[in-house]
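Enquirer: Next come a sequence and a model predicted from it.
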Amino acid sequence: MLKLYPENYEVRFEVPFTDNAGNPFLPSGCHSIVSDGDDVVIFDYGQIWVNGADGTATVTVSASDNALGEGELSAVRKLKVTLSDGQISTVKSFSYIIEAEARLEILNNTFISLETAQMTARNLPTAKAWAAASEDQQIGSLIQAYSRLQRVQLRFPLPIKENEDRDFDERDYQIIRPGQWSEISKPEFLAMPREFRYALRAAQICEANVILSDNPVTQRHRNGVISETIGESSVMLRGGKLELGVDNETMRHLAGFIYYDVRVTRG
């Protein structure tokens with residue numbers, strides 16, 4: 001398990017002077033670099049002289065090298081320390097996670113804050129797995145559920161303007177297509193109809209509950225399994241339905257807001 005550190009925090013590591021087999025090693029120099037989770041070098045601290053007789057060296061990753069990028073709420077950092085005696089080298093690696101003060105951010109990775117989710121879940125009696133999970137598990141499942149819900153095409157009715165001569169059934173709609181949430185600001189989201197936002201948030205908690213429940217039948221159905229036979233037991237899953245990547249109960253929370261835009265094009 002990687003250790004967690006807050007963003008802009010100075011992290012120090014004690015580097016033991018041993019070789020790859022754990023035997024004592026007497027280096028004369030130490031070269032350190034820090035990279036991100038994609039192995040892109042953030043900073044090269046260069047070569048420094050060390051006294052091998054000390055047994056260890058303290059290597060510090062500066063606070064500025066533990067800053068998150070725009071839109072990041074957490075990130076991996078990797079420190080690679082190369083010890084050398086001029087002829088032989090040995091490498092020591094250290095990895096950790098830096099994290100923003102809040103892991104959840106509206107419209108960055110969630111439709112709902114953790115506190116509001118915990119309050120809303122009280123009105124969702126089926127969300128038992130989510131309610132029983134640890135706070136860390138709740139946050140992780142909400143992030144995953146948000147990722148799934150972004151793939152569902154939605155729409156909600158725009159309000160009819162005062163003195164506008166049109167029937168309720170003729171009103172305009174705002175359509176949100178898959179991947180479009182990144183173009184919507186938080187104020188724009190909060191200005192959307194309350195019923196739509198509540199449905200989205202209830203759906204996110206419901207999908208998070210599905211993720212934490214880890215139902216094997218649901219997972220096999222999503223993987224395209226129609227029938228399965230093990231020994232004398234068999235399972236038949238109903239197919240033929242349009243699969244949008246979220247659970248059926250989650251879809252029920254979004255009833256009235258899902259937009260099935262079926263288009264036929266020439267190949």
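Expert: Sure thing, it's come through.
Enquirer: Centre of the chain to stretch 22-32, how far?
Expert: 38 Å (C-alpha atoms, centre = their mean, to the nearest Å).
Enquirer: can you list the domain ranges for this structure.
Expert: 3-99, 114-253 (automatic domain parsing).
Enquirer: of those domains, which approaches Tyr259 most closely?
Expert: Tyr259 sits nearest to domain 114-253 of all the domains of the chain, at 4.1 Å, using C-beta to C-beta. C-beta here means a position set from N, CA and C on the backbone, and glycine is covered the same way.
Enquirer: starting at the chain centroid, how far to the closest one?
Expert: 16 Å.
Enquirer: Can you lay out the domains of the chain as CSV showing mean pLDDT, mean neighbour count and distance to Asn108?
Expert: Below are the domains of the chain laid out as CSV (pLDDT from 0 to 100; neighbours: other C-beta atoms under 10 Å; distance: least, C-beta to C-beta, whole Å):
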stretch, mean pLDDT, mean neighbour count, distance to Asn108
domain 3-99, 93, 14, 6
domain 114-253, 81, 15, 9
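Enquirer: which stretch among those domains comes nearest Leu107?
Expert: It's domain 114-253; of the domains of the chain, that one is closest to Leu107 (C-beta to C-beta) at 5.3 Å.
Enquirer: As a check, name the ranges of all helices in the stretch 51-200 of the chain.
Expert: 114-120, 128-132, 135-149, 186-190, 194-213 (DSSP state H, counting those that start in this stretch).
Enquirer: so which of the ones you listed gets nearest Asp39?
Expert: helix 135-149 (23.4 Å).
Enquirer: same for that closest one, what does it pack against?
Expert: helix 114-120, helix 194-213 (3 or more C-beta pairs under 8 Å, 6 or more residues apart in numbering; DSSP states H and E).
Enquirer: Looking at those, which is nearest to Lys3?
Expert: Per C-beta to C-beta, nearest to Lys3 of the helices and strands packed on helix 135-149: helix 114-120, 21.7 Å.
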